[in-house]
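**Student:** My questions are about this predicted structure, shown below with the sequence.
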Amino acid sequence: MSGLAFAQAPPPAQPLRFLLSSLAWGTVAGAWLLSNGEIALLTRWAPHTLVLVHLFTLGVLGNAMLGSLIQFLPVAAGSPLPWPGLAPWLHAAFNGGLLLLMPALMFPHPLFTGAASLLLASSLSGFALGGLIAVMRGTGVRAPRLGIGVALASLLATGALGLVLLAILSGRMALPLDRVANLHAAFGLAGWTLALLGAVGSITVPMLQGTRRIPAGGLLIWLGVLVACLGAAGWGLIAGSPLHPARVLALPALGFCLAVPILQSRAPHPRNPVLRRFWLAGCMALAIACLGLLARAPSPRAALAIGALVIAVGLPLLVLGMLLEIIGFLAWIELRRRHPRGVRVPGVDRLLDDARKQWLLYAHLAAGALLLAAIANPALARLAGAALALAWGASGWVVLRCWRQALGFRPA
């Protein structure tokens, strides 16, 4: 991990609270599906389904990416976040807003929608603006910083569109719900999530997976295509185009999904085999979803399956693979903080070994397969929910075990 500015690393508690929350919300998402069963998998517009979607997009993906950025910006991009003391408050406001969003989606009363809007808007805009300041001040490689800037700007757009949707649901605005929702999803999944994975991955994939270095020009071209597609999706909403934003954004997403296995297959010094499998599986799920979107207009049932492949299978596999690496790294940093130089401490591989990570990959693949089967046969919904809860709960147990091992270490 040479090239990382360890001295600029924030206290491990700052990113850790977000990363642990991500695993907790994954368990909640499984429990939600287990308790509600097939009603949560009937249509994308059902309130139970909307709650399940946001448990994954905000709870799992949102917490994981915010926590990763807190760690990544100062250490690898030379861009420490301003106002570090606000991190606990942003975490509390963001997760409190998500907690209130659940009843707001089920019962769109102005009290719930207003409180959820206030907490989510303040936390996400605060984080995005702070991140943009950090990126502009940063001294790291320019292309990844530009990609992070695109992601954070898209986060602001996603949050603004989410506020509009809550206003529509509560009767305070009269706009076409489906078009605004499609654009909200496009900016959230492609602009925020995919752009961030591409920008951060341009550094972490060569460093952690042993691939060749990703050319800055290639990353900039891909970002340009992604931004152009986001612009086309936004213009389509204004002009009333019948073209679905997801179909427009499937092209840059497919490019990302193809680049990762190509880089892995040509890696001169392959490392972290389980992380490579997490990313390969995640890219395969996303690629299948992209091909399904490009092939033809999907039926409502197929659209649910495509959404599940993206939101509950593909992106979580990519994010969880990186999260496990970050957790092990944070535990190692904590060990180095607690013990003086010269004391030999366990390495990252010993704190969170490949065998446990491999079993977690099996558990999440099985849960994802059951979720897709439940969309085809809703009678399997509760079984899929149980599998998701077990997979995310096991991930939390492995992470807590890693930290107990680190905190309980005593030098011989």
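**Tutor:** All right, it came through fine.
**Student:** so what's the residue most central in space within the chain up against?
**Tutor:** The residue lying closest to the centre of the chain (C-alpha atoms, centre = their mean) is L61, at 2.9 Å. Counting by C-beta atoms under 8 Å, 6 or more residues apart in numbering, L61 makes contact with S22, T193, I311, L315, P316, V319. Where you see a C-beta, it was placed from the backbone N, CA and C, and this is true even at glycine.
**Student:** buried set for stretch 110-122?
**Tutor:** Within stretch 110-122, the residues scored as buried using 16 or more other C-beta atoms under 10 Å are F112, T113, G114, A115, A116, S117, L119, L120, A121, S122.
**Student:** before we move on, what about stretch 170-179?
**Tutor:** In stretch 170-179, counting by 16+ other C-beta under 10 Å, buried: S170, R179.
**Student:** about what we covered before: out of the buried residues of stretch 110-122, the closest to H48 would be?
**Tutor:** F112 (15.7 Å; C-beta to C-beta).
**Student:** low pLDDT regions in the stretch 1-150 of the chain?
**Tutor:** Where the stretch 1-150 of the chain drops to pLDDT under 70, the residues are 1-7, 76.
**Student:** Where do the helices of the stretch 151-300 of the chain begin and end?
**Tutor:** With helices called from DSSP state H, counting those that start in this stretch, the stretch 151-300 of the chain shows them at 177-186, 195-209, 216-239, 245-265, 273-295, 300-308.
**Student:** what's the offset of the shortest one from the middle of its chain?
**Tutor:** Relative to its chain's centre, helix 300-308 lies at 19 Å (C-alpha atoms, centre = their mean, to the nearest Å).
**Student:** Just give the nearest non-adjacent residue to A379, would you?
**Tutor:** Nearest residue to A379 in three dimensions, chain neighbours excluded: E38, at 6.7 Å (C-beta to C-beta, 6 or more residues apart in numbering).
**Student:** one step back: make JSON lines out of the helices of the stretch 151-300 of the chain and add distance to L52 and mean pLDDT.
**Tutor:** As requested, those are arranged in JSON lines below (distance: least, C-beta to C-beta, whole Å; pLDDT from 0 to 100):
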{"stretch": "helix 177-186", "distance to L52": "14", "mean pLDDT": "89"}
{"stretch": "helix 195-209", "distance to L52": "22", "mean pLDDT": "93"}
{"stretch": "helix 216-239", "distance to L52": "24", "mean pLDDT": "89"}
{"stretch": "helix 245-265", "distance to L52": "18", "mean pLDDT": "91"}
{"stretch": "helix 273-295", "distance to L52": "17", "mean pLDDT": "95"}
{"stretch": "helix 300-308", "distance to L52": "10", "mean pLDDT": "92"}
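**Student:** Of those helices, which is nearest Q14?
**Tutor:** Closest among those, once you apply C-beta to C-beta, is helix 195-209, at 17.0 Å.
**Student:** other SSEs contacting that closest one?
**Tutor:** Judged by 3 or more C-beta pairs under 8 Å, 6 or more residues apart in numbering; DSSP states H and E, the packing partners of helix 195-209 are helix 63-76, helix 142-169, helix 216-239, helix 245-265, helix 273-295, helix 315-338.
**Student:** returning to that earlier point: what is the nearest of the buried residues of stretch 110-122 to L166?
**Tutor:** The closest of the buried residues of stretch 110-122 to L166 turns out to be T113 (C-beta to C-beta; 4.5 Å).
**Student:** Identify the residues contacting the closest one.
**Tutor:** Going by C-beta under 8 Å, 6+ apart, T113 touches A104, L166, A167, L169, S170.
**Student:** Among those residues, find the lowest-pLDDT one for me.
**Tutor:** By predicted confidence, the contacts of T113 are weakest at S170, whose pLDDT stands at 76.
**Student:** what sits against it?
**Tutor:** For S170, the contacting residues are P108, H109, P110, T113, by C-beta under 8 Å, 6+ apart.
**Student:** Might one say that W392 is in contact with L23?
**Tutor:** Yes: using C-beta atoms under 8 Å, W392 is in contact with L23, at 5.8 Å.
**Student:** Tell me where the stretch 1-150 of the chain has strands.
**Tutor:** Along the stretch 1-150 of the chain, no stretch is classed among the strands by DSSP state E, counting those that start in this stretch.
**Student:** Tell me which stretches of it form helices.
**Tutor:** Under DSSP H, counting those that start in this stretch, the stretch 1-150 of the chain gives helices at 13-36, 47-54, 63-76, 87-106, 110-137, 142-169.
**Student:** thinking again about what came up before, Throw the contacts of S170 into a markdown table and include distance to L42, thanks.
**Tutor:** Listed next are these as a markdown table, based on distance: C-beta to C-beta, whole Å:
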| residue | distance to L42 |
| --- | --- |
| P108 | 19 |
| H109 | 23 |
| P110 | 27 |
| T113 | 23 |
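**Student:** Mind telling me the two of those farthest from one another?
**Tutor:** Distances among the contacts of S170 were taken as C-beta to C-beta; the most separated pair is P108 and P110, at 8.1 Å.
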